[in-house]
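Chemist: Just the structure for this:
(one chain, ligands or ions: 3)
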Amino acid sequence: MNKHKGIESWIKECAALCQPDKIVWIDGSEHQRDALRIEACTTGEILELNQDKLPGCYYHRTAKNDVARTEHLTFICSKEKDDAGPTNNWMTPEEGYRKAAEIFKGSMRGRTMYVIPFSLGPVGSVFSKIGVELTDSIYVVLNMLIMVRCGNEVLDVLGENGEFTRCLHSKAELDESRRLILHFPEDNTIWSVGSGYGGNVLLSKKCMALRIGSALAYKEGWLAEHMLILGVEAPSGRIEYVAAAFPSACGKTNLAMLVPPEGLTRKGYRIWTVGDDIAWMRVDTDGKLWGVNPEAGFFGVAPGTNTKTNPNAMATVRRNTIFTNVLLRENKTVWWEGMDGDPPESGMDWKGDDWEPGMLDANKKPVVGAHPNARFTAPFTQCPSASFRWEHHHGVPISAIIFGGRRAHLAPLVYQSYSWQHGVFVGATMASERTAAQYGKLGEVRRDPMAMLPFCGYNMAEYFQHWLVMGQRMKRPPKIFHVNWFRQDEEGEYLWPGYGENLRVLEWILDRCRGEGEAISTPIGSIPTPDSLDLTGLELPPKVIEELLRVDRQQWLDEVDSIAEFFAQFEDRLPHALDDELNSLKRRLTAG
Ligand code: GTP
Ligand code: SPV
Ligand code: MN
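Modeler: Ligands and ions are numbered 1, 2, ... in the order given. Have a look, this model is predicted:
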């Protein structure tokens, strides 16, 4: 039970603002969860799926104008604009509280306010952080019960005066013109109003674990990153761990749950999933970087997921899963574009309209059944490749850090940076094509440093500096790499088969970390020699491999100009080390 005076008075304040009919504490019991499911089914907020085929599974549709994170409505509210930096939207705390309060005012009339105490990281670990989310959405409660550790046991750890992140959410009217996602790093507070979509409202995730988390990590000397963590078990039984940052919808969940391809299974590799979206990492007394996944569930992209691309995800979502914005079949099961088998003959699409395969819209474009950013929410422990070290408060030692984006051209399949500092430069200059996970123009290339552009809760220039300092604090820092699974040929076809085959690249990366594995130096970093990648069983013509690893000097010189432009916005706050790296890159590109 709650013994914390600060929580009581904060809830009272929020209740006075939002005016809910009643307040209900989430205790983490199955009994309460079941009752909430029944209530949400009665009101139509969620729908019970076919319990024979999908036991414990439910279905939800968000409002049509509310299907992805809204970055233009997401703000860092710090006293000084400089503390938010040039890459964040900014408001003063006063303005933020005032604007949002107008929308929160009376927003929970006729509704219940749920109080969700949660822990990011194992309950009671010294590395974990506690948050409390207040919300008027049962959908949010049910998702949070999967995504993080919730309930009374968290309150026990919090005690009478523990520190916690104050997270206030209301759907309000779900009106886009009255939607704000606000972060107050100086107050350890998050206010989100007017949305019902995952990344905007499951406040433990992007808002706390990354935006507030990164600001805390900067202050306290650790890293909060948009990264998956996986373990690669070699035939000898040795397990090495890598952390990888790819922007939203660029393959973290897929890589984290990788199943070794035929050729490499024979070698005896096995993959262990530690996390698929967020990594919290610290330097330990051994001088190494150790990482934990602070979450307890997956909030993964459904479209494109099938038993070939991600069999572990398919096994994970067979029960106790919430499906959002996918296609609903007549037999109350679900479907999405890129799932196994033929599309169903009919169903109801993510908007709730009747749907048939081959339907065209007014512009003669195919009508999709599932929204491209449709998601599944599933418990971590249901994943067949879930790591046995997942709950370990100490996490896992990280051998390699991998940055990657979606680049049709330019970036080779893989390259290794020359040093930690060069690796930080590689991460800081990452770019990717925009996907459906956020509003904006699809396919447009934008710089997304460390995949954190939308998630860094303070000035990105200080964030770069923090990364540089972290490297100096480690005796044995991880080696840093860059990958690109998405290079295309002239016809726009992917050159690399991707998915399970990505293990071939991981194998080279880990070889390099052990000081093995052959490489060739190029101006941008070291790439594999033609025979150092094990491509057994993959019938890729040598020409394709060559194209995958090609470094085009002219294209990279153009990239240098674009990086310089990107860096310019940070003015004199940009660490000199990154300028030095840019100059060195240019020098290497123009030499010989
Ligand atoms: P968030 O949950 O938004 O952070 O996304 P994520 O980074 O976890 O991305 P996810 O693994 O869900 O993949 C998103 C999309 O990329 C899916 O449509 C996948 O099918 C596709 N994808 C993932 N890995 C690969 C790959 O190796 N090659 C290709 N071509 N596509 C991939
Ligand atoms: C992402 O967009 O990077 C996600 C999904 O992981 S969301 O939680 O909606 O941000
Ligand atoms: Mn993500």
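Chemist: Report the buried residues of stretch 576-592.
Modeler: 577-578, 581-582, 585-586, 588-589 (16 or more other C-beta atoms under 10 Å). Backbone N, C-alpha and C define where each C-beta goes, glycine included.
Chemist: ok, now stretch 41-56?
Modeler: 45-46, 49, 54, 56.
Chemist: Show me which of these is closest to residue 124.
Modeler: Minimum distance to residue 124 across these is 27.2 Å, recorded for residue 56 (C-beta to C-beta).
Chemist: List the contacts of the helix or strand bottoming out on mean pLDDT in the chain.
Modeler: Within the chain, no helix or strand scores below helix 262-265, which has a mean of 76 by mean pLDDT, DSSP states H and E. With C-beta atoms under 8 Å, 6 or more residues apart in numbering as the test, helix 262-265 has contacts from 503-504, 507, 534-538.
Chemist: do that again at 10 Å, thanks
Modeler: 259, 500-501, 503-504, 506-507, 534-538 (C-beta atoms under 10 Å, 6 or more residues apart in numbering).
Chemist: farthest-separated two in those residues?
Modeler: It's 259 and 535 that sit farthest apart of the contacts of helix 262-265, by C-beta to C-beta, at 17.6 Å.
Chemist: who's more crowded, these two?
Modeler: Under the neighbour definition other C-beta atoms under 10 Å, residue 259 and residue 535 were set side by side, and residue 259 has more, 19 against 14.
Chemist: Put together JSON lines for the buried residues of stretch 41-56, with distance to ligand 2 and pLDDT on each row.
Modeler: Listed next are the buried residues of stretch 41-56 as JSON lines, based on distance: C-beta to the nearest ligand atom, whole Å; pLDDT from 0 to 100:
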{"residue": "45", "distance to ligand 2": "19", "pLDDT": "97"}
{"residue": "46", "distance to ligand 2": "18", "pLDDT": "98"}
{"residue": "49", "distance to ligand 2": "21", "pLDDT": "98"}
{"residue": "54", "distance to ligand 2": "22", "pLDDT": "98"}
{"residue": "56", "distance to ligand 2": "21", "pLDDT": "98"}
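Chemist: Which of those sits closest to ligand 3?
Modeler: Using C-beta to the ion, residue 46 comes nearest to ligand 3 of the buried residues of stretch 41-56, at 22.9 Å.
Chemist: biggest separation within the buried residues of stretch 41-56, which pair?
Modeler: Longest span within these, C-beta to C-beta: 45 and 54, 18.0 Å.
Chemist: any idea how far residue 115 is from the closest residue to ligand 1 within the chain?
Modeler: The minimum distance from the chain to ligand 1, using C-beta to the nearest ligand atom, falls at residue 498 (2.5 Å). Going from residue 498 to residue 115 by C-beta to C-beta, to the nearest Å gives 43 Å.
Chemist: between these two, which one's more packed in?
Modeler: Neighbour count, other C-beta under 10 Å: between residue 498 and residue 115, residue 115 has more, with 20 against 15.
Chemist: Look at that one and give its secondary structure.
Modeler: What DSSP: H, G, I helix; E, B strand; the rest coil gives for residue 115 is strand.
Chemist: does it have beta-bridge partners, and which?
Modeler: Beta-bridge partners for residue 115, by DSSP bridges, are residue 25, residue 134.
Chemist: repeat for the one 5 residues further on
Modeler: For residue 120, the residues forming beta bridges with it (DSSP bridges) are residue 129.
Chemist: what's near enough to touch it?
Modeler: Counting by C-beta under 10 Å, 6+ apart, residue 120 has contacts 127-131, 147-149, 165, 204-205, 208-209, 212-213, 224, 278, 280, 292-296.
Chemist: filter those residues by proximity to ligand 3?
Modeler: For ligand 3, no contacts are drawn from the contacts of residue 120 by C-beta under 5 Å from the ion.
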